[in-house]
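I need the structure of the sequence given here:
(2 chains)
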Amino acid sequence: MKEHTKPNEPPVERPDEWWYRIYLAVIATTIVVIALLQGFTYYFSN
Amino acid sequence: MRYLDWAVVVAYLVYVIWDGIRMTKHSGDVEGYFLANRSLPWWAVGLSVMATQLSAITLVGTTGQAYSDGMRFIQFYYGLPLAMVILCITAVPFFYRANVYTAYEYLERRFDAKTRSLTSFFFLISRGLGVGVIIAAPSVILSIVLGWHEVTTIFVIGLSTTIYTMIGGVQAVTWTDVKQMFVIFFGLTVCILVIVSQFPAGVSFTDGLTLAGATGKLTTVNLSFDLKEKYTLWSGMIGGLFLFLSYFGCDQSQVQRFLTAKSVSEGRTSLLMSAFLKIPIQFMILLVGVLVFVFYQFATPPMIFNQVETGKVAQTAQYQTLKGEFDSAHLVREKAAENFLRDRNDASKQEYLAADKAFNASRKNAVDYVKAETGNKDFNDVNYVFPSFVVQNMPLGVVGLIIAAIFAAAMSSISAELNALATATTIDFYRRHFKKEGTDREYVFFGRIATFVWGIFACIVATYATNLGSLIEVVNKFGSFFYGSLLGVFVLAFAVKRARARGAFFGLLFGIASVWVASHFTDIEFLWFNVVGCLVTVISGYLISLTDKGGIDAVKV
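Numbers count the residues shown, from 1 in each chain, chains lettered A, B, ... in the order given. Below you'll find the predicted structure:
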């Protein structure tokens, strides 16, 4: 496991457009996960 | 605990302390000691973020809650992913590019030194007390396993973590967090597999979930909008959102995590790691509690899990009568569960539910009796369920592994909190008010002393925290008292251009006062305190700012 990195490596920053797609994916995944949990509850409660 | 279990726990402790201490060589200057020279990769920071939040309270408290109350606690985390997205857009770039050591340092640039000091002071108070509760949880376990006094276990856990945090600084905190997350995940996986393997012949994993589902223990979404209900979809999505915005965006113990990342992008990615993984991991932890519930459908559970309190009343005639009723209720429920799994019809389900209700009533009678006899009105058995189960039912070696996982969860949170408390004390108070032109060596030395003092303080608080009911709720309730108002100050700083120092300072005081009023004079549940505190701080802060005639030019963004 590499534990230490060089502090002077130039940071690589991704563009905002790329981040907005990731944020959308996070929100969509959350909605799907909550729906799956609701389905899990319904399946085992009935 | 047997020798092999002891060997696993001791090996874990020795390795973690050694691993933390060896980071000393990277912690000679202020930026190295407090921010790891902003050099850490996203995955290490992300695991550290999760390890910091996942304390022993989470393992011990929420498994106990799932055993008695089911999985509805998971709704608490539904607002977390959205909170992470908002923080990636706002707090991460703001703090990172401001080149600050603490979140509160930023407030001085935006408002004034008074506002910075006040927010940092509230952080120190709330977190200093909160870390005491975090130490108390694993101490409860060890006091059962070892038969030690709780005070002894508190100081063993607290001081061992304090030592490597004090010496190794934030590098030690982060890299030990990474290894501790692996220990926790491995321990949980083994725990689930072992519990399921101990179900009786003919009872499968899905059979177990069917029993749990019938009793409502698998409820994960409650659409009620009742403000007096503790865990609903809305309290999680709205109250939880505010709590997590405040915890991850305004609490130094978390802000310091992403400030150690190599870049803004790496800081963002580390937070999004939690956004994706937190709900599944919490589901896994709650599932352990539910599976313990299923296990005890077919094996006689202790009437009272807290053996210390049981010992005080076990010889009384009333206790023995209650124990007889409890054992009978368990046998009836066990038979009803077998019938339900065999027949799978409505009649057998109703019979099982009635038996479960009678069983719960007999256990409640026993708990009420212990409360009355011992005079301990705050007695709560929830925190003792999981450790008691582990010690009594897990095989050789696995007990040690799970105890090590609980240690890992505790130490990862304690170390990050102590490091954050020391950073705020050093940077926001010592360097700001007492020693402006000190050397790196002086600040690092003071940071180490501050870590040690906070460690001792937390241990003392922990000695008072072991009887405070469900520990996970205690720490969240306590945090909710301050978090919303702290968040309100940062909302004023980031989003309200007209906000001024006077508005932020008095807005914070009004916000905390409003939460105090809400907690004493209304019945709303604690997650909503975050919403109340934030809104009152922002609105009052804005209105007070309007009375400040200072121009926009005076604002130092």
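
please count neighbours and contacts with C-alpha atoms only from this point.
Fine.

spell out whether stretch B:57-73 and chain A are in contact.
No: judged by C-alpha under 8 Å from any C-alpha of the partner chain, stretch B:57-73 and chain A are separated, with a smallest distance of 9.6 Å.

gap between the nearest residue to residue B:29 once chain neighbours are set aside and residue B:272?
Distances taken as C-alpha to C-alpha, 6 or more residues apart in numbering or on different chains put residue B:440 closest to residue B:29, at 5.2 Å, once the chain neighbours are dropped. In this structure, residue B:440 and residue B:272 are 33 Å apart, going by C-alpha to C-alpha, to the nearest Å.

tell me the pLDDT of the closest residue to chain B within chain A.
Using C-alpha to the nearest C-alpha, residue A:45 is the residue of chain A that sits closest to chain B, at 4.3 Å. Per-residue pLDDT puts residue A:45 at 84.

and the residue lying closest to it once chain neighbours are set aside, its phi and psi?
Among residues not flanking residue A:45 along the chain, residue B:213 sits closest, at 4.3 Å (C-alpha to C-alpha, 6+ apart). Phi and psi for residue B:213, reported as degrees, to the nearest 10, are phi -60, psi -40.

could you report the distance from residue B:144 to residue B:345?
Taking C-alpha to C-alpha, one finds residue B:144 at 41 Å from residue B:345.

now swap in residue B:522 and tell me
44 Å.

what of residue B:298?
Residue B:298 sits 20 Å away from residue B:345, going by C-alpha to C-alpha.

likewise residue B:257?
Applying C-alpha to C-alpha, the value for residue B:257 to residue B:345 is 52 Å.

who's more crowded, these two?
The neighbour comparison of residue B:257 against residue B:345 (other C-alpha atoms under 10 Å in any protein chain shown) goes to residue B:257, with 30 against 11.

in which helix or strand would I find that one?
Using DSSP states H and E, residue B:257 sits within helix B:252-259.

report whether that helix contacts chain A.
No: shown here: helix B:252-259 not in contact with chain A (C-alpha under 8 Å from any C-alpha), separated by at least 13.2 Å.

give me the distance between that helix and the centre of its chain.
Relative to its chain's centre, helix B:252-259 lies at 16 Å (C-alpha atoms, centre = their mean, to the nearest Å).

what about the helix or strand following that helix, average pLDDT?
Beyond helix B:252-259 on the C-terminal side, the first helix or strand identified by DSSP H and E is helix B:264-298. The average of the pLDDT scores along helix B:264-298 is 93.

check stretch B:483-500 too.
For stretch B:483-500, the mean per-residue pLDDT is 89.

run through the residues that contact the residue nearest to residue B:29.
For residue B:440, the contacting residues are B:28-30, by C-alpha atoms under 8 Å, 6 or more residues apart in numbering or on different chains.

relative to residue B:427, how far out is it?
According to C-alpha to C-alpha, residue B:440 and residue B:427 sit 12 Å apart.

quick revisit: does the residue nearest to residue A:45 really touch residue A:41, like I thought?
Yes: shown here, residue B:213 and residue A:41 form a contact pair, counting by C-alpha atoms under 8 Å, at 6.9 Å.

where along chain A do the strands fall?
Read by DSSP state E, chain A holds no strands at all.

overlap in contacts of residue B:213 and residue A:41?
residue B:219.

what's the neighbour count on residue 19?
Answering for chain A, as no chain was given. Neighbour count for residue A:19, taken as other C-alpha under 10 Å: 17.

my question was about chain B, not that one.
By the measure other C-alpha under 10 Å, the count of residues near residue B:19 is 18.
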